[in-house]
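Novice: Provide a 3D model corresponding to the input given below.
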Amino acid sequence: KDRMPDITLEKMYFSLAVLDKPEAREELVAEQVGKAGRTPGQEPKQPVNMATLLRSQRRLVITGKPGSGKSTYLYLTASAVARALLGKGTELVDKHVGLAYPLPLPIFISLGEFNEYRKGPADPSDPRHGTLLAYASSKAIKKYEAFVPKDFFERLIAGKKMCLFLLDGLDEIADETERQHVSEEIRSLSRNPKIGPVIVACRSWAYVGDTRLHAPFVEYEVQSMSAEQVDELVALWCGAAFPRLQAPKASADLSREIRELEKKRHRRGDLPLADTPLMVTIIAIVFYNYEHLPDQRASLYKRCIRVLLIEKHHPTGKGKTARVTKGGTEEDKLELLSLLAYNMMAAGEKAGRVVEEKDVRSWLLPLIADRQREGKPEEHLRSFLRAMVDHAGLLD
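Specialist: This is a model prediction of the structure:
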């Protein structure tokens, strides 16, 4: 089994670059055109540091590809603000969050779990059941019922204490209609003038159509990491994982090996591998366990995939855990992934890297059916594919 070094987020977090997406401002632009009678000048946009976003925006949507750091930004923000409110220092807030003082109370919500609550039986004693405020209240009361009154949030808001809502994983809601219902709940929450900043995280592919929140929400997409950012994260990671005297050499060795890896991929015409915080971390874990990266890419990929499949590597929560465990054991998943990869390779270079769903079904269902003679192979295949999408986009 691969060892997982015990590293706290605060030790290795650093802010990435995000780009303001123009389509997220379409309503605002239309309004400006109407007032001015002309189209605003089209200036080329420049990426901005995530640490500066909350200085000027109160309604944010953070999008990006799997493993790009969307949820991590929310976790770090929640942790930094909570630590500051508890009197444990404001350094992280000043460096990575940029909120003005006095600080709001951070409320972190998994939208996948909220959606399950929303669909559940209504609470007859709560006319607001199904709303984000009711869910936040019920979670707090359930966890701290000994000293949290039922009207906890109402008292906070009436007392002008702002709350910072951190809403993670809009894409975790697989059903598109349900995802749109949750978006409407987010819009309702954001219309409350007494609510503080609201930040939503969602994978780019899911943030389309009626799921989009539109103005006053502004969408920022996390950009791929530059080579310099990769080096910076490697240095932070090695500094936290290795003994102090070993860390500088480990950092230099790992950075060099990643550069060599990317050069080889570039010569083959492949896209970069280490361009998200998650993939840099996965590669670093492989390096940590083997003291170098395997020369053969098949061996490297296999070890990376094994690390990705380790359950403890992923944030916990009912919404995520339920789908992941349904996909089968680590060995089951690896066997199905291997069969899928073999068939895609056997299809030849002309087939490219895209595979039709009907092909996936024809390749994997016989093996699943053979394993589960009395089971439901179609249902298991759907669960497996869902888990592989959620596991940092392994299918991508």
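Novice: run a quick neighbour tally on the closest residue to residue 278 other than its chain neighbours.
Specialist: Using C-beta to C-beta, 6 or more residues apart in numbering and skipping the chain neighbours, the partner closest in space to residue 278 is residue 67 (2.8 Å). To be clear about C-beta, it is placed using only N, CA and C from the backbone, and glycine gets the same treatment. Residue 67 is flanked by 23 other residues according to other C-beta atoms under 10 Å.
Novice: can I assume residue 67 sits in a helix?
Specialist: No - assignment of residue 67 by DSSP: H, G, I helix; E, B strand; the rest coil gives coil, placing it outside any helix.
Novice: just checking, it touches residue 280?
Specialist: No - assessed by C-beta atoms under 8 Å, residue 67 is found out of contact with residue 280, at 9.1 Å.
Novice: where does residue 124 sit: helix, strand or coil?
Specialist: Following three-state DSSP, residue 124 is assigned to coil.
Novice: do you know the pLDDT at it?
Specialist: The predicted structure scores residue 124 at 73 on the pLDDT scale.
Novice: equivalent analysis for the one 5 residues further on, please.
Specialist: The per-residue pLDDT reported for residue 129 equals 76.
Novice: how long is stretch 170-177 end to end?
Specialist: Between the start and the finish of stretch 170-177 there is a gap of 12 Å, counting by C-alpha to C-alpha, to the nearest Å.
Novice: now do it: everything it contacts.
Specialist: Counting contacts by C-beta atoms under 8 Å, 6 or more residues apart in numbering, the residues outside stretch 170-177 that touch it are 110-112, 115, 179, 182-183, 200-203, 205-207, 209, 211, 319-320, 386, 390.
Novice: selection in ChimeraX covering whichever of those residues are buried, please.
Specialist: To isolate the buried ones among the contacts of stretch 170-177 in ChimeraX, judged by 16 or more other C-beta atoms under 10 Å, type:
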select :110,111,112,115,179,182,183,200,201,202,203,206,207,211,319,320,390
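Novice: now, the contacts of stretch 170-177 that are in strands?
Specialist: If you go by DSSP state E, the contacts of stretch 170-177 have 110, 200-203 in strands.
Novice: quick check: the two most widely separated of those residues?
Specialist: Maximum pairwise distance in those, criterion C-beta to C-beta, is 14.3 Å, between 110 and 203.
Novice: coming back round to it: what do residue 67 and residue 280 both touch?
Specialist: Once C-beta under 8 Å, 6+ apart is applied, it turns out that residue 67 and residue 280 contact no residue in common.
Novice: off-centre distance for the lengthiest helix in the chain?
Specialist: Counting by DSSP state H, the longest helix found in the chain is helix 247-268. Here helix 247-268 shows a centroid-to-chain-centroid distance of 25 Å under the convention C-alpha atoms, centre = their mean, to the nearest Å.
Novice: list the buried residues in it.
Specialist: 247, 250-251, 253-255, 257-258, 261-262.
Novice: among those residues, which one sits closest to residue 88?
Specialist: Here the nearest of these to residue 88, counting by C-beta to C-beta, is residue 247; it sits at 25.2 Å.
Novice: which residues are in contact with that closest one?
Specialist: Under the criterion of C-beta under 8 Å, 6+ apart, the contact partners of residue 247 comprise 238-239, 241.
Novice: can you pick the most crowded of the residues you listed?
Specialist: Taking other C-beta under 10 Å as the neighbour criterion, residue 238 ranks highest of those with 24 neighbours.
Novice: host element of that one?
Specialist: Taking DSSP states H and E as the definition, residue 238 sits inside helix 227-241.
Novice: quick one: residues contacting residue 343.
Specialist: Listed by C-beta under 8 Å, 6+ apart, the contact set of residue 343 reads 359, 363.
Novice: still on that earlier bit, tell me the two of the buried residues of helix 247-268 that are most distant?
Specialist: Every pair in the buried residues of helix 247-268 was compared (C-beta to C-beta); the two farthest apart turn out to be 247 and 262, at 22.3 Å.
Novice: circling back to that earlier point, what's the average pLDDT for the longest helix of the chain?
Specialist: 93.
Novice: between the buried residues of helix 247-268, which is nearest residue 19?
Specialist: Nearest to residue 19 among those, counting by C-beta to C-beta, is residue 262 at 22.0 Å.
Novice: who's in contact with that closest one?
Specialist: The contact partners of residue 262, taken as C-beta under 8 Å, 6+ apart, are 227, 272-274.
Novice: and residue 151, by the same measure?
Specialist: Applying C-beta under 8 Å, 6+ apart, we find residue 151 in contact with residue 137.
Novice: pLDDT value on it, please?
Specialist: We have a pLDDT of 72 for residue 151.
Novice: go ahead and measure how far the helix holding residue 238 is from the middle of the chain.
Specialist: Chain-centre distance of helix 227-241: 20 Å, with C-alpha atoms, centre = their mean.
Novice: same check, this time on stretch 60-78
Specialist: 5 Å.
Novice: returning to what we had before: could I get the buried residue list for the helix or strand that the longest helix of the chain is followed by?
Specialist: If you walk from helix 247-268 toward the C-terminus, the next helix or strand you reach (DSSP H and E) is helix 277-290. When neighbours are counted by 16+ other C-beta under 10 Å, the buried residues of helix 277-290 are found to be 277-288.
Novice: and if you look at stretch 217-227?
Specialist: Per 16+ other C-beta under 10 Å, stretch 217-227 contains these buried residues: 217-225.
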